[in-house]
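> Show me how the following folds:
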Amino acid sequence: MSIWGSLLDQIIGTAILSGLVCLITDKRHKIHSAMVPVLAGSIMTMVAMTFGANGGFAINPARDLGPRLWCLIAGYGWESFSANGYYFWIPLVGPMIGAIVGAFIYKFFVGLHGGRDTLNVTNESYDPQGGMRGVPHFPSSTSPGSRPYVDGQKTAQGYNVSIGVHQ
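The predicted structure is shown next:
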């Protein structure tokens with residue numbers, strides 16, 4: 001495989017993994033917490049069997065860097081880093097890019113379309129008793145069987161950000 005093919009392989013494999021992990025851990029899908037480890041293991045198995053043969057299944061930078069550092073410490077020299085035209089950087093950089101790409105793709109195509117999350121950004125001041133001025137306050141639901149609305153406020157560069165998530 002070429003360097004660019006190996007890099008693309010690492011990016012795509014890690015993007016699939018991170019996107020699917022975002023999917024199974026998203027509370028809106030109501031996946032039972034006991035099923036998450038089983039699904040995560042199944043996802044890892046699928047990614048390993050489909051992308052593992054190409055680049056050695058180094059979708060986690062620590063999985064590749066740790067053994068290379070051990071070989072260096074054990075006295076094998078820098079050959080573990082210089083072998084195959086300095087291939088060592090691909091399993092380090094590719095998964096980092098892939099994880100960000102996969103999480104972004106999930107958030108863009110699935111996460112933003114849940115309908116129950118809110119994101120309000122204003123430059124108005126925050127009132128601790130009444131929430132943010134100018135932004136409607138969403139009280140906790142008291143009906144039986146409903147989940148309370150959790151509202152968190154954070155201030156960044158003079159803007160108040162109110163993020164609400166139903167749990």
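
> What are the boundaries of the strands in the chain?
Along the chain, counting by DSSP state E, strands occupy 118-122, 126-127, 131-132, 149-156, 159-166.

> Lowest average confidence across those strands, which one?
Ranked by mean pLDDT, these bottom out at strand 149-156, with a mean of 44.

> If you average the pLDDT over stretch 29-39, what comes out?
90.

> nope, stretch 81-88 is what I was after
Averaged across stretch 81-88, the pLDDT comes to 79.

> Who are the packing partners of the longest helix belonging to the chain?
In terms of residue count, the longest helix belonging to the chain (DSSP state H) is helix 3-25. Contact partners of helix 3-25 among helices and strands, from 3 or more Cβ pairs under 8 Å, 6 or more residues apart in numbering; DSSP states H and E: helix 36-55, helix 90-109. (Glycine included, C-beta is placed from N, CA and C.)

> Okay, buried residues for that helix please.
Neighbour-count burial for helix 3-25, counted by 16 or more other Cβ atoms under 10 Å, picks out 6-24.

> Could you do stretch 45-62 as well?
Neighbour counts using 16+ other Cβ under 10 Å place Val47, Phe51, Gly52, Gly55, Gly56, Phe57, Ala58, Ile59, Pro61 of stretch 45-62 among the buried residues.

> State the distance from Pro91 to His29.
Per Cβ to Cβ, to the nearest Å, Pro91 is found 31 Å from His29.

> Looking at these two, which has the bigger crowd around it?
The residue with more neighbours, out of Pro91 and His29, is Pro91; 24 against 10, by other Cβ atoms under 10 Å.

> Quick check, pLDDT for the more buried one.
Turning to Pro91, the model gives it a pLDDT of 86.

> List the contacts of it.
Pro91 makes contact with Gln10, Gly55, Gly56, Ala58, Pro61, Arg63, Asp64, Leu65, according to Cβ atoms under 8 Å, 6 or more residues apart in numbering.

> Next, format these as a markdown table and append pLDDT and distance to Ile73.
A markdown table is the format used below for the contacts of Pro91 (pLDDT from 0 to 100; distance: Cβ to Cβ, whole Å):
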| residue | pLDDT | distance to Ile73 |
| --- | --- | --- |
| Gln10 | 89 | 25 |
| Gly55 | 73 | 24 |
| Gly56 | 74 | 20 |
| Ala58 | 73 | 19 |
| Pro61 | 82 | 18 |
| Arg63 | 81 | 17 |
| Asp64 | 82 | 16 |
| Leu65 | 86 | 12 |
